[in-house]
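>>> Whatever this is, show me its structure:
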Amino acid sequence: MDLQKLQRVVVDALEDIKGQDIRIYNTVGLSDMFDRVVLASGTSNRQTRALASRVAERVKAAGGRVVSVEGTDSGEWVLVDLGDIVVHIMLPAIRTYYELEEMWGSKPVRIKLATDRSAARRAGADGEVETARTAAKRPAARKAAKPGKTTKKAASPRKSAKRPAPKKRAVASKVTARKPTRTGSARKKAAKKPAR
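The predicted structure is shown next:
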């Protein structure tokens, strides 16, 4: 299988089960055993096992060869050996501790993830130039493009009749008489006076 196609199959399989922080590194000059290292994180042991299983299934379905899958017992660090590509799926704490990016990360491979592709399509950054024809295909543009028609429907007579504004209630201002507060010296004088 072509290396680029295998790489795409692996990344798509990891994205299917929400693999996090997917990184690919070119190891051609660093190792003779494999050409790419793929690192991904899972949120739990169960997810790391599921990610490894999905990668193996997808590669087999695409006609690739899975050499071995190791580490499924604990699920903290699962390695999938695909010959030209080695996939490391780890828990975030294990990934931070071993820092494989420091060892293999000298040549990162740029690959568009599904989230990048969907964001690029929404932003129009995928290189497609919007013409009058493509703009007319959008639902909002179709409605606005028809001359002589308004986008709002005619309001029914019941809804168009304005309701009278609610009457404002007069708020009576209540003035409450406050007793003057006594200061400390006034309290002492009041306490010294004998009761009559």
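>>> Name the helix or strand of the chain that has the lowest mean pLDDT.
helix 132-137 (a mean of 44; mean pLDDT, DSSP states H and E).
>>> Show the low-confidence segments of this structure, by residue range.
Low-confidence segments of the chain (pLDDT under 70): 112-196.
>>> Could you list which residues are in contact with R23?
Residues near R23 by Cβ atoms under 8 Å, 6 or more residues apart in numbering: 38-40, 101, 105, 108. Every residue, glycine included, has its C-beta placed from N, CA and C.
>>> Most neighbours among those residues, which one is it?
Compared across the contacts of R23, A40 has the highest neighbour count, 26 neighbours, by other Cβ atoms under 10 Å.
>>> can you put the contacts of R23 in a markdown table and add secondary structure and distance to R54?
Compiled in a markdown table, the contacts of R23 are given as follows (DSSP: H, G, I helix; E, B strand; the rest coil; distance: Cβ to Cβ, whole Å):
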| residue | secondary structure | distance to R54 |
| --- | --- | --- |
| V38 | strand | 13 |
| L39 | strand | 16 |
| A40 | strand | 11 |
| E101 | helix | 23 |
| G105 | coil | 24 |
| P108 | strand | 23 |
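>>> What is the lengthiest helix in the chain packed up against?
Longest helix in the chain, counting residues (DSSP state H): helix 45-61. Using 3 or more Cβ pairs under 8 Å, 6 or more residues apart in numbering; DSSP states H and E, the elements in contact with helix 45-61 are helix 3-16, strand 68-70, strand 77-81, strand 85-90.
>>> Please identify the most buried of the ones you listed.
Among these, strand 85-90 has the highest mean neighbour count (mean count of other Cβ atoms under 10 Å), at a mean of 24.
>>> How about the next helix or strand after it, which residues are buried there?
Per DSSP states H and E, strand 85-90 leads on to helix 92-98 as the next helix or strand towards the C-terminus. Within helix 92-98, the residues scored as buried using 16 or more other Cβ atoms under 10 Å are 94-95.
>>> repeat for stretch 30-43
Buried residues in stretch 30-43, counting neighbours by 16+ other Cβ under 10 Å, are found at 34-42.
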